[in-house]
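S.K.: would you be able to build a 3D model of this:
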Amino acid sequence: MSETGEKKVPSFEERLQQVQEITGRIEGGSLPLEDAVKEYERGIRMLGELDRELNDLNRRITVLQGDGKTEELHEDI
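M.R.: Take a look at the predicted model:
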């Protein structure tokens, strides 16, 4: 936690690293089946969040690159 008591949200890269670590633990074969399933579920959830974030960023970049929507944004200003 930070000095203000707020929990620091891990960066995209940190969360991707966590997914890779989960994958490594599962592939290592040393986890009991129930733990492996829980880790798998956690990894899938995290991947879904990362995918949504990437899609949102991709939409923003597309707008900034001028796919025609940029003009619509300027008209509203």
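S.K.: elements contacting the host helix or strand of Q20?
M.R.: Element membership for Q20 (DSSP states H and E) is helix 12-28. With contacts taken as 3 or more Cβ pairs under 8 Å, 6 or more residues apart in numbering; DSSP states H and E, helix 12-28 sits against helix 33-64. In this view, the C-beta of every residue, glycine as well, is placed from N, C-alpha and C.
S.K.: give the buried residues for the helix it packs on.
M.R.: Buried residues in helix 33-64, defined by neighbour count with 16 or more other Cβ atoms under 10 Å: 36, 39, 43, 46.
S.K.: which residues touch the residue nearest the centre of the chain?
M.R.: Geometric centre of the chain, nearest residue: L50, 2.0 Å, by Cα atoms, centre = their mean. Counting by Cβ atoms under 8 Å, 6 or more residues apart in numbering, L50 makes contact with 12, 15-16, 19.
S.K.: same question, Q18
M.R.: 10, 46.
S.K.: repeat the analysis, applying 10 Å as the threshold.
M.R.: Contact analysis of Q18 by Cβ atoms under 10 Å, 6 or more residues apart in numbering lists 10, 42-43, 46, 50.
S.K.: farthest-separated two in those?
M.R.: P10 and G43 (14.3 Å; Cβ to Cβ).
S.K.: chain center to stretch 19-28, what's the gap?
M.R.: In terms of Cα atoms, centre = their mean, to the nearest Å, the centre of stretch 19-28 is set 17 Å apart from its chain centre.
S.K.: what does that stretch rub up against?
M.R.: Residues outside stretch 19-28 that contact it (Cβ under 10 Å, 6+ apart) are 31, 35-47, 49-50.
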